[in-house]
Structures are given as structure tokens and as C-alpha cells.
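Participant: Based on what follows, work out the 3D shape:
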Amino acid sequence: MPSDRACPDLQRLRRQFPALDSDIVFRENAGGSQVPACVAAAMHRYLRETCVQLGAGYGLSRRCTAAENERLIGVLERVI
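Facilitator: Numbers count the residues shown, from 1 in each chain. Sure, this is the predicted structure:
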């Protein structure tokens, strides 16, 4: 008998993917993967607020470059 951990709440998981809330069938490869709402919101926020040329000399670019460097260091610390 499978444990509760082996049987996720599929409806709850599907609700996290707005594109799946339709009658459309997505038969795409990994390049066209659907993303959960939290990822779409993060991408929207990035494009709206911080989509700048990293490494440039103006203030927003310097702040975004520093934040990106911190994220990269955090990823590297988890991987290495």
C-alpha cells in the first residue's frame, strides 16, 4: 500500500500551473514546458523591475549585478 507521500494531491499541483487551467492539451517538449504561477510571477517581476544590463555603471545595474552575484555564490555553495 503506497504511503501518503507517494500520492501527491494532483489537483493541488495542477492549480499551481495556470496554463493547465483550460481545455487546451499541451504536447510540447521541455523547451515549451509550463511553469507554476510563482515562477511566472517572478519572471514578470524581473522583467518589469530589474531587466538591465549587468555590469554597467548606473545605479540599478550595479544593484542588480550585486544581487545576481549573491545568487550565483549561493548556488555555487550548494553545488560545491
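Participant: Show the contacting residues for Phe17.
Facilitator: By C-beta atoms under 8 Å, 6 or more residues apart in numbering, the contact set of Phe17 is 34-37. Just so you know, the C-beta spots here come from the backbone N, C-alpha and C atoms, and that holds for glycine as well.
Participant: give me the number of residues near Ala37?
Facilitator: Counted with other C-beta atoms under 10 Å, the neighbours of Ala37 add up to 13.
Participant: can you pull the contacts of it?
Facilitator: Contacts of Ala37 by C-beta under 8 Å, 6+ apart are 16-18.
Participant: now with 7 Å?
Facilitator: 16, 18 (C-beta atoms under 7 Å, 6 or more residues apart in numbering).
Participant: Look up how far Pro8 lies from it.
Facilitator: Counting by C-beta to C-beta, to the nearest Å, the gap from Ala37 to Pro8 is 17 Å.
Participant: Tell me the buried residues within the contacts of Phe17.
Facilitator: Among these, not one is classed as buried by 16 or more other C-beta atoms under 10 Å.
Participant: Only alpha carbons, please: show the top helix by length along the chain as PDB.
Facilitator: The helix spanning the most residues in the chain, taking DSSP state H as the definition, is helix 59-79. This file holds the C-alpha atoms of helix 59-79, laid out as PDB (Å, rounded to 0.1, in the frame of the first residue of the first chain):
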ATOM      1  CA  GLY A  59      22.900  52.500 -10.100                       C
ATOM      2  CA  LEU A  60      20.200  50.000 -10.900                       C
ATOM      3  CA  SER A  61      22.700  47.900 -12.900                       C
ATOM      4  CA  ARG A  62      25.100  47.900 -10.000                       C
ATOM      5  CA  ARG A  63      22.400  46.800  -7.600                       C
ATOM      6  CA  CYS A  64      21.200  44.000  -9.900                       C
ATOM      7  CA  THR A  65      24.800  42.900 -10.600                       C
ATOM      8  CA  ALA A  66      25.500  42.600  -6.900                       C
ATOM      9  CA  ALA A  67      22.200  40.700  -6.300                       C
ATOM     10  CA  GLU A  68      23.000  38.300  -9.200                       C
ATOM     11  CA  ASN A  69      26.400  37.700  -7.900                       C
ATOM     12  CA  GLU A  70      25.000  36.900  -4.500                       C
ATOM     13  CA  ARG A  71      22.500  34.400  -6.000                       C
ATOM     14  CA  LEU A  72      25.300  32.800  -8.000                       C
ATOM     15  CA  ILE A  73      27.500  32.400  -4.900                       C
ATOM     16  CA  GLY A  74      24.500  30.800  -3.100                       C
ATOM     17  CA  VAL A  75      24.000  28.300  -5.900                       C
ATOM     18  CA  LEU A  76      27.700  27.500  -6.000                       C
ATOM     19  CA  GLU A  77      27.800  27.000  -2.300                       C
ATOM     20  CA  ARG A  78      25.000  24.400  -2.600                       C
ATOM     21  CA  VAL A  79      26.600  22.600  -5.500                       C
END
